[in-house]
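# Next comes the sequence, and after it the predicted model I'd like to discuss.
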Amino acid sequence: MRVHFIAIGGAAMHNLALALHHKGYLVTGSDDEIKEPSLSRLRNAGLLPEKEGWFPEKLNNRPDAVILGMHARIDNPELLAAKELGLKVYSFPEYFYEQSKEKLRVVIGGSHGKTSITSMILHVLRENNKDFDYMVGSTVAGFDTMVRLTETAPVIILEGDEYLSSPIDRRPKFHLYQAHIGLLSGIAWDHINVFPTFENYVEQFAIFANGIPKGGSLIWFNEDRELQKIASELADGVNQIAYGAPQYRIENGKSIVIAEGKEYELQIFGKHNLCNLEGAREVCKLLGVTTENFYNAASTFSGAGRRLELVKATSDKAIYRDFAHSPSKLKATVAAVKEQFPERKLVACMELHTFSSLSENFLEQYAGTMNDADVPVVYFNPQTIAHKKLAPISTEQVAKAFENNNLVVFTDQEAMRNHIQNSFTSNSVLLMMSSGTFDGLDLHKIQF
């Protein structure tokens, strides 16, 4: 089987390329820019293109499938060549469905928490010696790649993103997976460049839920109002499982879950993460994992990459980083760290980096999201706004939108770094939140 990737360097695309390579497929690809870690991983597998750029002649050998990444444009020369040759062009999620038609498909969706929940499920299933394929949107300890595809695994666990499938397919990715078991962690408006109204955004999750066949299962977070509505209107014949926070307590900086009369000390923390864990438990229960076996395995789960990830710590100071960027996740993450370390000063810094977060009409969604921080800080780079071709925003607009009198807003990385360094005194926790990198800020160089 010969497969060609247009935009092979993407995080998801290069992991799929590696998975197919390991499966024995002949994989080729192109991209106009490939960065680390994709660069090294593709090179080590012998899949790195000889030159950056687009080369329509690569399609002349008529591959069995062409997979189109979101990074490519609709006028991409290789895409045009593939169409002219009459080749089958798949989006990333379409191809995953093709690879998993005969498997039980478990899809984890929601505006937030889906990477964490998917990672928890993968960890528990592996610890319980289950055979499964998967796709997850982050690195997970103990897993070499973010994608696994085999001929033999009876089930596949898929992180279900609601964003567009490809430049020529504007359906949300998680619609295309056709879940037998679906989980929805919550709905909070995002991707306003694609879903301009909240109602339009919510509709995508309703479509996903209603796509689950009779005999299938929908697992949903019971505190979310929109999910309550969706669940109440779901067709008969679909098994519904609502979940919420488990019984737990915090002792000596550790979260301890109580289940079926037993206690389990966890490495993760925060109410939102414990709710995520309950969702993962319900999925694993359907896959044959008992509650005791689930929590025994979950007690060794340290988290997905950049999801409340500990950077470094001493006896009285710690630095965490998180992928939080949407208002709901930002609020939940700040609250989680404050609950876990109530006696410490919390210095919380977030970067406005996504299209939605840098849009002046969306900023008001951040009202009150940083109120649990003792030292709240927001950073954004005006050049990022210009690159995304958005209207400029001012530091005053941002400060007003967050509705926090203690908030300080920076557009200069060095000034921001100095401020958090000066605030990060003894008995403190520093929480850095972004889907970006704070323009290359090295958190390991923050002085203790």
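Yes, it's here. Numbering: from 1, shown residues only.
# OK, contacts around the spatially most central residue of the chain?
Centrality entry for the chain: nearest residue to the mean C-alpha point is residue 115, 4.2 Å, by C-alpha atoms, centre = their mean. Listed by C-beta atoms under 8 Å, 6 or more residues apart in numbering, the contact partners of residue 115 are 136, 137, 138, 159, 304, 307, 323. (Glycine included, C-beta is placed from N, CA and C.)
# Of those residues, which one scores lowest on pLDDT?
Ranked by pLDDT, the contacts of residue 115 bottom out at residue 304 (85).
# Quick check: closest non-adjacent residue to that residue.
Sequence neighbours aside, residue 119 is the residue nearest to residue 304 in space, at 3.8 Å (criterion: C-beta to C-beta, 6 or more residues apart in numbering).
# ok, and what's touching stretch 244-254?
By C-beta under 8 Å, 6+ apart, the list of residues contacting stretch 244-254 reads 221-223, 255-259, 265-266, 269, 271, 274-275, 277-278, 339-341.
# quick check, residue 5 in a helix?
No: read with DSSP: H, G, I helix; E, B strand; the rest coil, residue 5 is strand and lies in no helix.
# Look up how far residue 399 lies from the residue lying closest to it once chain neighbours are set aside.
Nearest residue to residue 5, sequence neighbours excluded (C-beta to C-beta, 6+ apart): residue 29, at 3.5 Å. With distances taken as C-beta to C-beta, to the nearest Å, residue 29 is found 44 Å from residue 399.
# in whichever strand or helix holds the residue nearest to the centre of the chain, what counts as buried?
If you go by DSSP states H and E, residue 115 is part of helix 114-127. By 16 or more other C-beta atoms under 10 Å, the buried positions in helix 114-127 come out as 114-127.
# Put the alpha carbons of it into PDB.
Taking Å, rounded to 0.1, in the frame of the first residue of the first chain, the C-alpha atoms of helix 114-127 are listed here in PDB:
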ATOM      1  CA  LYS A 114     -10.200  15.500  25.500                       C
ATOM      2  CA  THR A 115      -6.400  15.000  25.300                       C
ATOM      3  CA  SER A 116      -6.200  14.300  29.000                       C
ATOM      4  CA  ILE A 117      -9.100  11.900  29.000                       C
ATOM      5  CA  THR A 118      -7.700  10.100  25.900                       C
ATOM      6  CA  SER A 119      -4.300   9.900  27.500                       C
ATOM      7  CA  MET A 120      -5.800   8.500  30.800                       C
ATOM      8  CA  ILE A 121      -7.600   5.800  28.800                       C
ATOM      9  CA  LEU A 122      -4.500   4.800  26.900                       C
ATOM     10  CA  HIS A 123      -2.500   4.500  30.100                       C
ATOM     11  CA  VAL A 124      -5.100   2.400  31.900                       C
ATOM     12  CA  LEU A 125      -5.700   0.100  28.900                       C
ATOM     13  CA  ARG A 126      -2.000  -0.500  28.500                       C
ATOM     14  CA  GLU A 127      -1.500  -1.200  32.200                       C
END
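# For the following helix or strand past that helix, enumerate the helices and strands it packs against.
Scanning forward in sequence from helix 114-127 by DSSP H and E, the next helix or strand is strand 133-135. Contact partners of strand 133-135 among helices and strands, from 3 or more C-beta pairs under 8 Å, 6 or more residues apart in numbering; DSSP states H and E: helix 11-22, strand 147-148, strand 155-159.
# what's in contact with the second one?
Contact with strand 147-148 is made by 12, 15, 16, 18, 19, 132, 133, 134, 135, 136, as judged by C-beta under 8 Å, 6+ apart.
# Looking at these, spot the one nearest residue 284.
Closest approach to residue 284 among those (C-beta to C-beta): residue 132, at 10.7 Å.
# Show me the helices in the protein, by range?
11-22, 38-44, 77-84, 92-99, 114-127, 173-176, 198-210, 225-232, 271-286, 291-298, 327-340, 382-387, 395-402, 413-423 (DSSP state H).
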